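Peer 1: The following block contains a protein sequence and its predicted model.
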Amino acid sequence: MNDAFGRPGSVIVFGGTSDIARALLRELAGAGCDRVVLAGRDEARLAEAKKEAEASGTATVTTLIFDAEDVAQAEAVVDRGFEMVGRADLVVIAVGLLADQAEDEADPARVARCMTVNLTWPAAALARVGHHLRAQGSGRAVVLSSVAGVRVRRANFVYGSAKAGIDAYARGVHQTLAGTGAGVMVVRPGFVRTKMTEGRPDRPLSATAEQVARDIVKGLQNGAEVVWSPPVMRAVFFAFGLLPERLWRRLPL
């Protein structure tokens with residue numbers, strides 16, 4: 001159960017090898033989190049993440065293999081995660097695939113993969129997570145969205161469209177949980193320097209995985225519904241929202 005300060009004692013992470021998820025677990029381990037289920041596709045990297053979580057002080061860490069391209073298995077994967085942890089104070093959906101716009105927009109198969117991993121599987125999983133949290137009468141889900149989905153731009157519209165979808169869907173699920181004791185928090189990071197973005201040019205207001213993790217913890221403590229990381233991104237995208245479409249389309253961001 002969450003402690004008196006709302007800090008989770010048990011966590012399930014779908015996308016458990018992501019840099020942001022691992023940084024978040026390091027933050028939570030120091031605040032009393034003692035049971036974690038790490039779910040992901042790469043068995044070797046899951047084992048590495050498991051050792052890291054244990055070294056950070058998490059008493060019990062188990063792993064679960066799944067494929068985010070297999071939407072039909074999303075329900076069973078979520079059910080298994082809840083069985084393994086017993087009761088989840090926090091569920092993190094950190095599944096994601098950073099697309100290559102130039103290649104993806106001309107290839108229907110690549111578009112479908114981007115949409116499946118970034119939108120369809122997370123949405124299917126979150127539907128089942130919501131069921132479990134409602135039954136528990138407590139718990140939070142954290143869904144990693146992106147500022148790319150706030151106002152989709154020409155330079156990144158395949159990935160941005162998928163993130164716009166999961167962002168809206170997660171906020172909708174949060175509304176369905178009103179009054180149940182459970183909820184969903186959407187996280188909108190900007191450019192984050194992780195293994196997923198390695199080799200790509202840095203962007204203004206970029207952040208580290210550790211910075212995003214700290215923003216997530218602060219959002220959980222404050223009961224936030226949406227977290228921007230870094231927080232200044234909220235003001236930046238408010239200003240971007242005022243730009244005429246003809247100017248927005250030309251931005252190389």
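Peer 2: Done, it's in. Numbering: from 1, shown residues only.
Peer 1: wait, A123 sits on K163?
Peer 2: No: with contact defined as CB atoms under 8 Å, A123 does not count as touching K163 (11.7 Å). For every residue, glycine as well, the C-beta is placed using N, CA and C.
Peer 1: what about those two, which has more around it?
Peer 2: Between A123 and K163, counted using other CB atoms under 10 Å, the more crowded position is K163 (24 against 20).
Peer 1: and the more buried one, how far is that from A76?
Peer 2: As judged by CB to CB, to the nearest Å, K163 and A76 stand 25 Å apart.
Peer 1: And what about A224, helix, strand or coil?
Peer 2: The assignment at A224 comes out as coil when based on DSSP: H, G, I helix; E, B strand; the rest coil.
Peer 1: who touches the residue lying closest to it once chain neighbours are set aside in this structure?
Peer 2: Take A224 and drop its neighbours on the chain: the residue closest to it by CB to CB, 6 or more residues apart in numbering is M185, 5.9 Å away. M185 is in contact with R140, A141, V142, V143, H174, I216, G219, L220, A224, E225, V226, V227, counting by CB atoms under 8 Å, 6 or more residues apart in numbering.
Peer 1: Buried subset of those residues as a PyMOL selection?
Peer 2: To isolate the buried ones among the contacts of M185 in PyMOL, judged by 16 or more other CB atoms under 10 Å, type:
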select buried, resi 140+141+142+143+174+216+219+220+224+226+227
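Peer 1: May I ask which two of the contacts of M185 are separated the most?
Peer 2: Farthest pair in the contacts of M185 (CB to CB) is H174 and I216. Separation: 15.4 Å.
Peer 1: my guess is S10 meets D89, correct?
Peer 2: Yes: contact criterion CB under 8 Å: S10 and D89 qualify, at 5.0 Å.
Peer 1: which one of the two has more residues nearby?
Peer 2: Shown here are S10 and D89; by other CB under 10 Å, D89 has more neighbours (24 against 21).
Peer 1: Run a quick neighbour tally on G241.
Peer 2: Residues contacting G241 under the criterion other CB under 10 Å number 10.
Peer 1: To clarify, my last question referred to E27.
Peer 2: E27 has 17 nearby residues by other CB under 10 Å.
Peer 1: tell me the contacts of it?
Peer 2: By CB under 8 Å, 6+ apart, the contact list for E27 reads A213, R214, I216, V217.
Peer 1: ok, now with 10 Å
Peer 2: Each residue near E27 by CB atoms under 10 Å, 6 or more residues apart in numbering is listed here: R7, C33, S56, E210, A213, R214, I216, V217, K218.
Peer 1: V111: which of those residues is nearest?
Peer 2: Closest to V111, out of all of the contacts of E27 and judged by CB to CB, is I216, at 29.2 Å.
Peer 1: can you pull the pLDDT of L64?
Peer 2: L64 carries a pLDDT value of 97.
Peer 1: a helix runs through it, doesn't it?
Peer 2: No: looking at L64 with three-state DSSP, it is strand, so not inside a helix.
Peer 1: In a markdown table: the contacts of M185, plus pLDDT.
Peer 2: Below are these laid out as a markdown table (pLDDT from 0 to 100):
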| residue | pLDDT |
| --- | --- |
| R140 | 96 |
| A141 | 97 |
| V142 | 97 |
| V143 | 96 |
| H174 | 97 |
| I216 | 94 |
| G219 | 95 |
| L220 | 94 |
| A224 | 94 |
| E225 | 96 |
| V226 | 95 |
| V227 | 95 |
